[in-house]
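> model this:
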Amino acid sequence: MTLLSSKLLPLTLAVAVALAFPGCTGDLPADDVAPARARLALGYRAAPAGDDAAIARAQDAVHRQPRPDAYLALATAFIQRQRHARDPRFLVYAEDALAAARELGGGDQPGVAVAEIYLLTEQHRFAEARDAARRLAAAHPDDADGHLLLGDALLELGDYDGAADAYQRAIDRHPDLRTYERGAHVRWLDGDVDGALELIQLALESASARDPEPAAWCHVALGTMMWQRGDLAAAAASAARALALVPDYPAARLLDARVRFGKGDLAGALQSLGAIPERLRTIEELSLESDLLDGLGRSAEAARIAAAIAVRGKNDPREAARYWARRGVEPARAIELASAVARARPTVEALAVEALALARAGRPWEARASLARAGRLGTRDPRLPLYAALVEVSAGKPVEARAALAGALPAARAVDPVLVAQLERRLEVLP
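As a prediction, this is how the structure comes out:
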């Protein structure tokens, strides 16, 4: 099956992280009870039922037979738990279990390499993840995992042709939910919306009832495509399906909040975001929360969110730069962060944010160059023409700005109603 004509697995995991999240150490058992290996991972008190059930079973298996494969299964259970909870503590536990697997001679197991590459990706060490994935794919060329992980790393580095080739090799070897979903994302980036929708449906048809989280993720991916097309009813339905599979799934809560904001239901959007624990909210979610609070006239609370973004922005510099650039504040800082990310990882998103920051700083010629690079694939993201409208306003060209804004609407009004309103106000007073 041909994928194209040419995200999603999506810390140094060490003492510093454990200190940042005190619960990592609070679960440790007494020294006379803890095993010599993986004390942190085995010290986590997993409930035997509910979300922790898989972890509890894996811990029991390690206690019965502390072999490399048992420790690997424990690491995998923590990684899967993190995908749902989005809590970095679980990655700390996973790293601890993997260290035990390696110590016992399991370093040559492909599953250990897969988990290690996932952790590198979570640490945003994408070049290292790319190199490790290449080694895995070379050692096991008939296994889809190495090719899939290589595609993930290359995608994050902005190497779209390389990512597409890697995903094609993965889908040729094992067409399943993971490979179909990656293929859908690449087609979306290439502007092939119909092809993306076709593949995401194949991904959903491949889902297993025994593991609902991957299917929930695919519903979110489908809903995000619908949201970017301005089809809020379809996006809302996808968010609801994801939440039915995994209650309070953070990615689905974000999508639901975006849809509600696009519909003008600011209070409902804020309530949906509130289901995500505040300490686990991404910069993107905090930015949306700030928009909602401003819209509801709760400026003091919005200012508190702005302060939190300033502190936590180093964890996601691209979205921190987008936050400041959308509001026209901290222009030098926004450009510094956005340009650093775009140089290291020239993705569509990074280049678009760089263009936005440059436009806000009154540097339209540079902004146009960044935006041209961002749009080179033909991605149907309505924020691209929306940012183009801001670039033309910055350049003092209202006619071109109005044309760009018209090209972004109506989808842009659903995706970023705040920036649309800003542009419309500015264009009203221009000749």
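> Tell me where the stretch 1-150 of the chain has helices.
Per DSSP state H, counting those that start in this stretch, the stretch 1-150 of the chain carries helices over the ranges 15-20, 23-26, 39-43, 53-64, 68-85, 89-103, 110-122, 126-139, 144-156.
> The closest residue to Gln80 other than its chain neighbours - how many residues pack around it?
Leaving aside its sequence neighbours, Gln80 sits nearest to Ala54 (C-beta to C-beta, 6 or more residues apart in numbering; 6.6 Å). Every C-beta, even on glycine, is put in place using the N, C-alpha and C of the backbone. Neighbourhood size, Ala54 [other C-beta atoms under 10 Å]: 17.
> is it true that Ala54 touches Ala75?
No: using C-beta atoms under 8 Å as the test, Ala54 is too far from Ala75 to be in contact (11.7 Å).
> Now do the same contact list for Arg298.
With contacts defined as C-beta atoms under 8 Å, 6 or more residues apart in numbering, Arg298 has no neighbours.
> any idea how far it is from Ala267?
Distance, Arg298 to Ala267, using C-beta to C-beta, to the nearest Å: 11 Å.
> Next: Pro141.
53 Å.
> what's the helix or strand containing Leu254 in contact with?
Using DSSP states H and E, Leu254 maps to helix 250-262. Identification of contacts with helix 250-262 by C-beta under 8 Å, 6+ apart yields 86, 216-217, 219-220, 223-224, 227, 230, 232, 235-236, 238-240, 242-243, 246, 266, 268-270, 272-273, 275-276, 280, 282, 284-285, 288, 291-292, 413-415, 417.
> In helices, which of these appear?
Using DSSP state H, the subset of those located in helices is 216-217, 219-220, 223-224, 227, 232, 235-236, 238-240, 242-243, 266, 268-270, 272-273, 284-285, 288, 291-292, 413-415, 417.
> rewinding a little: what residues does the residue nearest to Gln80 make contact with?
Ala77, Gln80, Arg81.
> Count the neighbours of Gly297 for me.
Each residue near Gly297 was counted by other C-beta under 10 Å, and the total is 10.
> Let's see the PyMOL selection covering just the buried ones among the contacts of helix 250-262.
To isolate the buried subset of the contacts of helix 250-262 in PyMOL, counting by 16 or more other C-beta atoms under 10 Å, use the following:
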select buried, resi 86+216+217+219+220+223+224+227+230+232+235+236+238+239+240+242+243+246+266+268+269+270+272+273+275+276+282+284+285+288+291+292+413+414+415+417
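> Mind pulling up the pLDDT for Leu3?
pLDDT, Leu3: 52.
> Helix, strand, or coil at Ala207?
Recorded secondary structure, Ala207: coil (DSSP: H, G, I helix; E, B strand; the rest coil).
> should've said Arg210
Under three-state DSSP, Arg210 comes out as coil.
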